[in-house]
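Engineer: heads up, no residue letters with this:
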């Protein structure tokens, strides 16, 4: 089997309220990989908020896709290494990592279809049903928006809810958490997300005000580049630290683990160089008793989480319009059942590319 062509494009997808208060649109950089055997693979990277999607697409189309033409798509490891090493002067992060992720995801989709197996079983399944947490609570939400979203996820059976704590006054953040806790009671556990907005001392002060809420985790406290600061926060607060959505390679995650900077790793399959590298990160984490809860794109992340003995939760941001994907899993009693469809099981819905293509 040989790769005969790769069509790539960007989809611009509007969001709905309340998410639209902070992110009125997201973009997908899509790669459709064709083979001479009639099998096709769908890969895509979600660019949250859309910024930089054109650059991701340009790098994918001009630098990485040509490396794959004429190659056997079943040699995923070999092709991953070729893409990873195609430009020695470009670090394998950011734009380059988003681009490689989309192609790696598409290659694995072909492998699953060739084997007539869902990826979770191809990789050696640990489970076919993964719990999820509702995610949102963005800073522009009113308190009514915040509580309404949290209650909507709880109504789907989600036993966890994650909200942002972005106000410069840590007392305001505490009050927002308290409002959600009062509304949901003890039936839903909470997580908070700093999104890299504080320094070490700011995090120590903020976390101290939240200790009594028995939070599952305290997420991305400092700039993702500063692994030493993340480790210092983890040593200084009583809430377990989660991070990783803005880290890209096994080497960064190795350093995070060795510094003692994290109890929950959150690689993003669309950023961390695809399924291949995310699986390596997950297995590395297992050797250190660290749990893995991948960042967003739950429809893809389910296969990784379900294949790992240390897979924990997937993140559920309910933003996709119903006419975007075919095969999207449905949240039932706070869990997603992993599809038995071959590959990752997701396809663009009929007409979606035409409707949303930039």
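Structural biologist: That came through, no problem. Note that the structure is a prediction, hence the values are computed from the model and not measured.

Engineer: In the host helix or strand of residue 13, which of the residues would be classed as buried?
Structural biologist: In this structure, residue 13 is located in strand 3-14 according to DSSP states H and E. Residues of strand 3-14 classed as buried: 3, 6, 8-11, 13 (neighbour count, 16 or more other C-beta atoms under 10 Å). Where C-beta positions appear, they are placed from N, C-alpha and C, glycine not excepted.

Engineer: Assign a three-state SS to residue 228, would you?
Structural biologist: helix (DSSP: H, G, I helix; E, B strand; the rest coil).

Engineer: And the contacts of stretch 95-104?
Structural biologist: Residues outside stretch 95-104 that contact it (C-beta atoms under 8 Å, 6 or more residues apart in numbering) are 6, 8, 29-31, 33, 43-45, 47, 52, 55-57, 59-60, 63-65, 68, 76, 80, 83-84, 87, 90, 92, 248-249, 269-277.

Engineer: and the strand holding residue 13, what does it pack onto?
Structural biologist: Judged by 3 or more C-beta pairs under 8 Å, 6 or more residues apart in numbering; DSSP states H and E, strand 3-14 is in contact with strand 25-35, helix 53-59, helix 65-68, helix 94-115, helix 352-356.

Engineer: show me where the stretch 151-300 of the chain has helices.
Structural biologist: Counting by DSSP state H, counting those that start in this stretch, the stretch 151-300 of the chain has helices at residues 170-184, 200-208, 227-236, 250-258, 274-286, 298-307.

Engineer: Mean neighbour count added to those, as TSV?
Structural biologist: Output for these, formatted as TSV (neighbours: other C-beta atoms under 10 Å):
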stretch	mean neighbour count
helix 170-184	16
helix 200-208	18
helix 227-236	20
helix 250-258	18
helix 274-286	23
helix 298-307	26
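
Engineer: for the ones you listed, which one sits closest to residue 244?
Structural biologist: helix 250-258 (6.4 Å; C-beta to C-beta).

Engineer: same for that closest one, what does it pack against?
Structural biologist: helix 227-236, strand 264-265, helix 274-286.

Engineer: For residue 76, give me its contacts.
Structural biologist: Residue 76 makes contact with 104, 107-108, 111, 276, according to C-beta under 8 Å, 6+ apart.

Engineer: at 6 Å instead, please
Structural biologist: Counting by C-beta atoms under 6 Å, 6 or more residues apart in numbering, residue 76 touches residue 107.

Engineer: care to break the protein down by domain?
Structural biologist: 3-116+349-356, 121-348 (automatic domain parsing).

Engineer: now these in a markdown table, with mean pLDDT?
Structural biologist: Shown next, in a markdown table, are the domains of the chain (pLDDT from 0 to 100):
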| stretch | mean pLDDT |
| --- | --- |
| domain 3-116+349-356 | 97 |
| domain 121-348 | 97 |
